[in-house]
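**Q** when you get a sec, could you give me coordinates for this:
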Amino acid sequence: MAVVCTSLERFDEDVIAASDSLPVLVDFWAEWCAPCLVIAPILEQLAGEFQGRLRIAKLEVDQGENMKLAGRYRLRGFPTVILFYRRGERGRFSGARSKAAIVEFLRKQLDDGDST
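**A** Okay, the predicted model is just below:
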């Protein structure tokens, strides 16, 4: 499964509603952000490896109205990655992380056995 590119207009459907059935990991990023470019290929890999168990979405916060979501979720830096599940925020981290660190984050957030 490919990473879903979302927007302010599609966020509720692509992320919030979708989180009813699968956890959704959202990468809030900006084109000028070097750490964002580091984490992007890692998230692409994880989208394939977690296919059917996790959805991954990206939101470029510098495009049009998308910055409103950065305000809604009180983002202070980029990238910020937020895990949504069952319509709520389950956890978050900021900055580039290794693949192993992201997998560990997911395991800790989803360790109650009800999703992965």
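
**Q** so which residues of the protein form helices?
**A** All helices of the chain, identified by DSSP state H, fall at 11, 34-49, 67-72, 99-109.

**Q** mind listing what residue 55 touches?
**A** 1, 4, 18, 22, 23, 24, 25 (C-beta atoms under 8 Å, 6 or more residues apart in numbering). (C-beta placed from N, C-alpha, C; glycine too.)

**Q** just among those, which is most surrounded?
**A** Within the contacts of residue 55, most neighbours by other C-beta atoms under 10 Å means residue 25, with 29 neighbours.

**Q** how much space separates it from residue 79?
**A** 11 Å (C-beta to C-beta, to the nearest Å).

**Q** pick the most deeply packed of the helices of the chain.
**A** For these, the largest average neighbour count (mean count of other C-beta atoms under 10 Å) is found in helix 11, namely a mean of 18.

**Q** which other residues reach that one?
**A** 59, 69.

**Q** look up which residues are beta-bridged to residue 83.
**A** residue 25, residue 91 (DSSP bridges).

**Q** could you give the number of residues near the residue lying closest to residue 38 once chain neighbours are set aside?
**A** Closest residue to residue 38 apart from its sequence neighbours, by C-beta to C-beta, 6 or more residues apart in numbering: residue 96 at 4.2 Å. Around residue 96 there are 18 other residues, counting by other C-beta under 10 Å.

**Q** who are the contact partners of residue 96?
**A** Here residue 96 is in contact with 35, 36, 38, 39, 79 (criterion: C-beta under 8 Å, 6+ apart).

**Q** quick check: the fourth one touching residue 28?
**A** No - with contact defined as C-beta atoms under 8 Å, residue 39 does not reach residue 28; the gap is 10.9 Å.

**Q** need the overlap of contacts for the two.
**A** 79, 81.

**Q** what about residue 100, distance to residue 18?
**A** 26 Å.

**Q** tell me the confidence at residue 116?
**A** Residue 116 is assigned a predicted lDDT (pLDDT) of 42.

**Q** over to residue 60?
**A** On the pLDDT scale, residue 60 gets 97.

**Q** repeat that for residue 1.
**A** 61.

**Q** ok, back up a step: mind checking which of the contacts of residue 55 are in strands?
**A** 4, 24, 25 (DSSP state E).
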